[in-house]
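Asker: For reference, the sequence and a predicted model appear below.
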2 protein chains.
Amino acid sequence: MQCERSAVTSTDHSTATPGPTATAQVHEAIKQRILDGTYRPLQFVREAAVARELAVSRTPVREALRELVSEGWLEAIPHQGARVSEWTADDAREVFELRLVLEPMAVGLAARRMDPATMTQLKDLATRMEALTEGPLGGAEHSELASLNHCFHRLLIQASGNQRLAQMLESVVRTSIIRRNFASYDREALHRSMQHHREMLTAIAADNAAWAENVMRAHLLAARELHTTIVTSPDTAR
Amino acid sequence: MQCERSAVTSTDHSTATPGPTATAQVHEAIKQRILDGTYRPLQFVREAAVARELAVSRTPVREALRELVSEGWLEAIPHQGARVSEWTADDAREVFELRLVLEPMAVGLAARRMDPATMTQLKDLATRMEALTEGPLGGAEHSELASLNHCFHRLLIQASGNQRLAQMLESVVRTSIIRRNFASYDREALHRSMQHHREMLTAIAADNAAWAENVMRAHLLAARELHTTIVTSPDTAR
DNA sequence: ACCCTTGGAATTGCATGCAATGTGAGAGAA
DNA sequence: TTCTCTCACATTGCATGCAATTCCAAGGGT
């Protein structure tokens, strides 16, 4: 999921220190376990247990937990510990409302500030995804597709030239992407999705921000339609 | 600056624990000193010094610093410490771009989900602000006005029914509000600002989200115009 | 004069021990 | 049976000591 970001001169003041410090390692380890499902929602993450399993003392574990709480991965209850945040229908609604506003904003800004190098990378990603959709579609392809799609959106957002916006979207989408796959996409939906990507790049190249923004909205709304029709049962719409 | 929030059932997973724990107290104390200007931009906040001055050990200080870093107040440099984040023209641009999108979104959502009790409070705040603008305008009035204005916007955003949106705006505007006063507003600008508030409430009462959104955009753009024209000298526009 | 190296001081990073707090089980009474 | 009180346990919160790393300045070499 590293997306090979190019020339990031930014002051990455998001996830503190991805350095070799014990705290950073614990931070990543716990995050991984949340994504893995090892730590399930509402389950408490005991600092003594984590310290034992990762062979460090409780101190770096405590600091990692604090960071994860501030970033929204965990919720802290004083004198009781930190537990994995729950994911409700309301959370899904909130996140979607935000994405529907922030991602079009990002591509709109990107349309005004795009640089050739980034555009080349984006086109490359789009091409690779299109190639994937034309072959057989197994689990490996779906996984690869999800990864490339994530990189595409991420790169596009970075191109907005607004670090805060990028950070917000990062922290907002990640929670909803615990398992974002394309298994539920039929060939038509898949083709349309790829078409959207290509169209956004065309709009950006044409310096037409409004066009790009609206394609992005269509892209998100179409994706939501698929997911809500699949999940069916619980009324996710408010 | 407490705004007497009403019936907040939300899972406040923002600023960890405003409880009576030492960490929370240190957290608030440092935040206050940043706002005060006691800690200036790029200045390092040494944990030993803070611990000595607040009469606690280094442990709660360390944890408070970690939280403040995650929240964007400080930036951490591994093995070197945490220092107050700098505020550049680029930061101002990023924040304004975000506010110009997020605040209209918030009032738009609020227009669809407004409840009578909140509307009453908003009208009360607007009335009090209008009353202030009609009398003499000294420092005290400006300060009170800034406080009421902050509460008005905050309450409006809460009424959006999107906790994540509210949290984002909170974390985005606070940094730019280190000194947000109305001293540079002449009577005409002040009157227009109050008119905007009232008009937004009217639009919301009329269930007209688009109207409310556009008044908010005008409100923000007008405010920015005032600040950029006052500051003059250094070219703040990139 | 300039650069590289090498100490030492300051600071953060981590481990451990103890105190404070909250939780849950079990005993006792209504 | 059910409610309440109590007490022991588990867990977090905080303090302190030591190790690791960085920065800066002084000294020697080129």
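Answerer: Great, that's in hand.
Asker: Just give the closest residue to residue A:97, not the sequence neighbours.
Answerer: Computed as C-beta to C-beta, 6 or more residues apart in numbering or on different chains, the closest residue to residue A:97 that is not its neighbour in sequence is residue B:162, at 5.8 Å. Glycine gets a C-beta too; all of them are placed from N, C-alpha and C.
Asker: Surely the one you found and residue A:100 touch.
Answerer: No: Residue B:162 is beyond contact range of residue A:100, at 11.4 Å (criterion: C-beta atoms under 8 Å).
Asker: Map the structural domains onto the sequence of chain A.
Answerer: A:22-84, A:89-231 (automatic domain parsing).
Asker: Does chain B have contacts with the first one?
Answerer: What it means is domain A:22-84. Yes: Domain A:22-84 is in contact with chain B by C-beta under 8 Å from any C-beta of the partner chain, via A:62-63, A:66-67, A:69-72, A:75-76, A:78.
Asker: of those, buried ones?
Answerer: A:62-63, A:66-67, A:69-72, A:75-76 (16 or more other C-beta atoms under 10 Å in any protein chain shown).
Asker: Bridge partners for the residue of chain A found nearest DNA strand D, pull those for me.
Answerer: Of all residues in chain A, residue A:81 sits closest to DNA strand D, at 3.4 Å by C-beta to the nearest atom of the strand. Taking DSSP bridges as the rule, residue A:81 bridges to residue A:77.
Asker: Low-confidence stretches in chain A?
Answerer: A:1-2, A:4-19, A:137, A:175-181, A:183-184, A:229-238 (pLDDT under 70).
Asker: First-to-last residue distance for stretch A:34-52?
Answerer: One end of stretch A:34-52 to the other measures 18 Å (C-alpha to C-alpha, to the nearest Å).
Asker: Next, the buried residues of it.
Answerer: A:34-35, A:39, A:45, A:47, A:50-51.
Asker: Check those residues against DNA strand C and report the nearest one.
Answerer: residue A:51 (7.2 Å).
Asker: Now do the phi/psi pair for the closest one.
Answerer: Torsion angles at residue A:51 (phi, psi; degrees, to the nearest 10) stand at phi -60, psi -40.
Asker: And for residue A:114?
Answerer: Torsion angles, degrees, to the nearest 10, at residue A:114: phi -60, psi 140.
Asker: what's the answer for residue A:84, then?
Answerer: Backbone geometry at residue A:84, expressed as degrees, to the nearest 10, gives phi -70, psi 130.
Asker: how near is it to residue A:200?
Answerer: Distance, residue A:84 to residue A:200, using C-beta to C-beta, to the nearest Å: 34 Å.
Asker: Also residue A:215?
Answerer: 5 Å.
Asker: What of residue A:143?
Answerer: Taken as C-beta to C-beta, the span from residue A:143 to residue A:200 is 23 Å.
Asker: between those two, who's got more neighbours?
Answerer: A count of neighbours by other C-beta atoms under 10 Å in any protein chain shown puts residue A:200 above the other of residue A:143 and residue A:200, at 26 against 13.
Asker: so which helix or strand takes in the more buried one?
Answerer: Assessed by DSSP states H and E, residue A:200 sits inside helix A:187-205.
Asker: to the chain's geometric centre, what's the distance from the next helix or strand after that helix?
Answerer: Toward the C-terminus, helix A:187-205 is succeeded by helix A:209-231 as the next helix or strand (DSSP H and E). Taking the mean of its C-alpha atoms, helix A:209-231 sits 16 Å from the chain's own mean (C-alpha atoms, centre = their mean, to the nearest Å).
Asker: DNA strand D contacts on chain A?
Answerer: Contact residues, chain A versus DNA strand D (C-beta under 7 Å from any atom of the strand): A:44-48, A:58-59, A:62, A:76, A:78-82.
Asker: ok, back up a step: turn the buried residues of stretch A:34-52 into CSV, including secondary structure.
Answerer: Shown next, in CSV, are the buried residues of stretch A:34-52 (DSSP: H, G, I helix; E, B strand; the rest coil):
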residue, secondary structure
A:34, helix
A:35, helix
A:39, coil
A:45, strand
A:47, helix
A:50, helix
A:51, helix
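Asker: Which of those residues sits closest to chain B?
Answerer: residue A:47 (12.3 Å; C-beta to the nearest C-beta).
Asker: That closest one is in contact with residue A:63, isn't it?
Answerer: No: in this structure, residue A:47 is not within contact of residue A:63 by C-beta under 8 Å, at 10.0 Å.
Asker: All the helices of chain A, in order from the start?
Answerer: A:22-36, A:47-54, A:58-70, A:89-113, A:116-134, A:139-158, A:163-173, A:187-205, A:209-231 (DSSP state H).
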